[in-house]
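Peer 1: make a model of this:
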Amino acid sequence: MNSDSTAPHQRTLAIAGVGLLGGSIGAAVKQRGLFDHVIGFGRNPDRLRAAVAAGILDSFVTDPADADREWDFAIIGTPVDRIVDD
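Peer 2: This next block holds a predicted model:
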């Protein structure tokens, strides 16, 4: 967290599961400029790199424990039947 109270807050969205649902939401958010930074969480680094290259994500991690936990909003974009398994 930035201790300089005059610095603007960067609004960050976290998306867990950057497939069809999460990727579509990420693309819409980026297109509309709703957040300053979009970070993706997923298991497939090649797919996540492709999402960064396509402008859907700004960054990604494959292990959520490695992520900066200062996001403003999170979306779970994994299929319901996979949430328990993941």
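Peer 1: tell me the average confidence for whichever strand or helix holds residue 81?
Peer 2: Assessed by DSSP states H and E, residue 81 sits inside helix 80-83. Here helix 80-83 scores 69 as its mean pLDDT.
Peer 1: would you map the strands across the chain?
Peer 2: Under the criterion DSSP state E, the chain contains strands at 12-16, 37-41, 59-61, 73-76.
Peer 1: dump the ones you listed to a markdown table, plus mean pLDDT.
Peer 2: Below are those laid out as a markdown table (pLDDT from 0 to 100):
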| stretch | mean pLDDT |
| --- | --- |
| strand 12-16 | 94 |
| strand 37-41 | 95 |
| strand 59-61 | 94 |
| strand 73-76 | 92 |
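Peer 1: let me have those strands in JSON lines, extended by distance to residue 26 and mean neighbour count.
Peer 2: For the C-beta atoms, the positions are set from N, CA and C on the backbone; glycine is no exception. Shown next, in JSON lines, are the strands of the chain (distance: least, CB to CB, whole Å; neighbours: other CB atoms under 10 Å):
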{"stretch": "strand 12-16", "distance to residue 26": "5", "mean neighbour count": "22"}
{"stretch": "strand 37-41", "distance to residue 26": "5", "mean neighbour count": "23"}
{"stretch": "strand 59-61", "distance to residue 26": "10", "mean neighbour count": "17"}
{"stretch": "strand 73-76", "distance to residue 26": "8", "mean neighbour count": "15"}
